[in-house]
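Enquirer: A structural model of the following input is requested.
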Amino acid sequence: MSRIGNKPITVPEGVEVKIDGQKITVKGPKGTLEKEFHKNMKINLDGNVITVVRPDDQPENRSLHGLTRTLLNNMIEGTTKGFERKLEVNGVGYRASKKGNDLLLNLGYSHPVELAAPAGITFDVPNANEIIVKGMDKELVGQTAAVIRTKRPPEVYRGKGIKYAEEVIRRKEGKAGKK
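Expert: As a prediction, the model looks like this:
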């Protein structure tokens, strides 16, 4: 009994969903997303309501049921509203800036780190210590934010590095002096 998998998805106005076997195409105001789903999942479109049905209660099908529904919902939400991920840059001399469509990071290395924006992703830098990754594909937005974070992960002693805005870094105490 999957609570998430059994929820129907309502397709909003201005979004067009096309089902071609296991390949789903969602076209909305922000663009088009295309994805191929597992052959066991049956995806039905009735008017403007999408339902996902699993054939039986095998463990693989049970796990795919909620996943398929969530991925479909994210495709519809991405083509209407889009997704964003915020990152913070902490540290003396650490800063971010935009260079065209690319992101330029000064992270204490001997050279600036330059990251090209993947197709469908835009970077927004409201100030030198904040980066916003925007796009309509939730998976790609999250992956791009994770790649940016790996360039200088947060450090637990001083809190320097790049972290997600909602992430909490548990600080460690330094060496205790000899008594």
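Enquirer: partners of the nearest residue to residue 73 once chain neighbours are set aside in the sheet?
Expert: Among residues not flanking residue 73 along the chain, residue 9 sits closest, at 5.3 Å (CB to CB, 6 or more residues apart in numbering). C-beta: built from backbone N, CA, C; applies to glycine. Beta bridges link residue 9 to residue 50 when assigned by DSSP bridges.
Enquirer: repeat for residue 132
Expert: residue 86, residue 124.
Enquirer: so residue 172 makes contact with residue 159?
Expert: No - between residue 172 and residue 159 there is no contact under CB atoms under 8 Å: 10.1 Å.
Enquirer: hang on, the earlier thing: would you agree the residue nearest to residue 73 is in contact with residue 76?
Expert: Yes - with contact defined as CB under 8 Å, residue 9 counts as touching residue 76 (6.5 Å).
Enquirer: quick one on the thing from earlier: quick one: neighbours of the residue nearest to residue 73, just the number.
Expert: 20 (other CB atoms under 10 Å).
Enquirer: and it, how far from residue 25?
Expert: Here the criterion is CB to CB, to the nearest Å. By it, residue 9 lies 15 Å from residue 25.
Enquirer: this structure: strands as residue ranges?
Expert: Assigned by DSSP state E, the strands in the chain fall at 9-10, 16-20, 23-28, 31-36, 42-46, 49-53, 83-90, 95-99, 102-106, 113-115, 121-127, 130-135, 161-164.
Enquirer: if I look at the closest residue to residue 169 other than its chain neighbours, how far off is residue 58?
Expert: Using CB to CB, 6+ apart and skipping the chain neighbours, the partner closest in space to residue 169 is residue 154 (4.9 Å). Residue 154 sits 41 Å away from residue 58, going by CB to CB.
Enquirer: so which of those two has more stuff around it?
Expert: Between residue 154 and residue 58, residue 154 has the larger neighbour count (other CB under 10 Å), namely 19 against 11.
Enquirer: residue 172 and residue 159: which is more packed in?
Expert: Taking other CB under 10 Å, residue 172 and residue 159 do not tie; residue 159 has more neighbours (13 against 9).
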